[in-house]
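Asker: I need the structure of the sequence given here:
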Amino acid sequence: MTKKSFASLACYFLAMAVYATDQWVKLWVVDHMGLYQSIPLINGFFALTYVRNIGAAFSAFSGQVWGLACIAAAVAIAILVYEWRLKEKTLGHVLALGLLLGGTLGNFSDRIRLQYVVDMFDAQWHGKNFFPIFNIADICIDVGVGILLLVFFLESRQAKQLAAKESSATVAPETR
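Answerer: Numbers count the residues shown, from 1 in each chain. Next up is the predicted model:
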């Protein structure tokens, strides 16, 4: 097995682990909690609160279930194509793309099956919600984007340093 195919396998394994964990937690919430029920985990600061999200982040595009599902499907395909075409795969690529793919598929499958996304993690300030309620797929998407941006930044920086090194090596030394 080549290094590239091992990296691809690791990426897909991570994506499936994220997807399975996301779906398991959502199933547990739906089976054990009533809609809008809230269970404090850290009193006044963090709770499990079962809600159904028919929109995207911050309830944007609320009610556009099929449009959001199509976007999620396109994103998942783009991740797969990018991963497949990527010549050099670093640990950062594997982690970022695995998290992104698993998270995207988790919310996509909710939209297709249920017509909404199950959310449950409720950040609070003194018992009042101050941030949109989210799920494991959302966390993985956010972390995956962050890692991918870091990878792009580091690759760009490395490419600039290499280009500067090559250009300084091709300049003739000054003569006195």
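Asker: excluding residues flanking it in the chain, which one is nearest residue 135?
Answerer: Taking C-beta to C-beta, 6 or more residues apart in numbering as the measure, residue 135 lies nearest to residue 119, with 4.9 Å between them; neighbours along the chain are not counted. (C-beta placed from N, C-alpha, C; glycine too.)
Asker: for the closest residue to residue 127 other than its chain neighbours, helix, strand, or coil?
Answerer: Of all residues not flanking residue 127 in the chain, residue 44 sits nearest, at 4.7 Å (C-beta to C-beta, 6+ apart). Under the three-state scheme (DSSP: H, G, I helix; E, B strand; the rest coil), the conformation of residue 44 reads as coil.
Asker: pretty sure residue 44 sits against residue 124.
Answerer: Yes - the pair residue 44 and residue 124 qualifies as a contact (C-beta atoms under 8 Å) at a distance of 6.3 Å.
Asker: of these two, who's got more company?
Answerer: Shown here are residue 44 and residue 124; by other C-beta atoms under 10 Å, residue 124 has more neighbours (19 against 11).
Asker: flag every buried residue along stretch 3-13.
Answerer: Within stretch 3-13, the residues that count as buried by 16 or more other C-beta atoms under 10 Å are 7-8, 10-12.
Asker: now for those residues: which two are most distant?
Answerer: Between any two of the buried residues of stretch 3-13, the greatest separation by C-beta to C-beta is 9.9 Å, found for 7 and 12.
Asker: you'd agree residue 124 is up against residue 48?
Answerer: No - counting by C-beta under 8 Å, residue 124 does not reach residue 48; the two are 11.2 Å apart.
Asker: contact partners for the most centrally placed residue in the chain?
Answerer: The residue lying closest to the centre of the chain (C-alpha atoms, centre = their mean) is residue 141, at 1.3 Å. Residues counted as contacts of residue 141 (C-beta atoms under 8 Å, 6 or more residues apart in numbering) are 99-100, 103-104, 107.
Asker: how much space is there between it and residue 105?
Answerer: Taking C-beta to C-beta, to the nearest Å as the measure, residue 141 and residue 105 are separated by 10 Å.
Asker: now for residue 133: which residues touch it?
Answerer: By C-beta under 8 Å, 6+ apart, residue 133 lies in contact with 49, 51, 53, 119-122.
Asker: which helix runs longest in this protein?
Answerer: When the chain is parsed with DSSP state H, its longest helix is helix 136-170.
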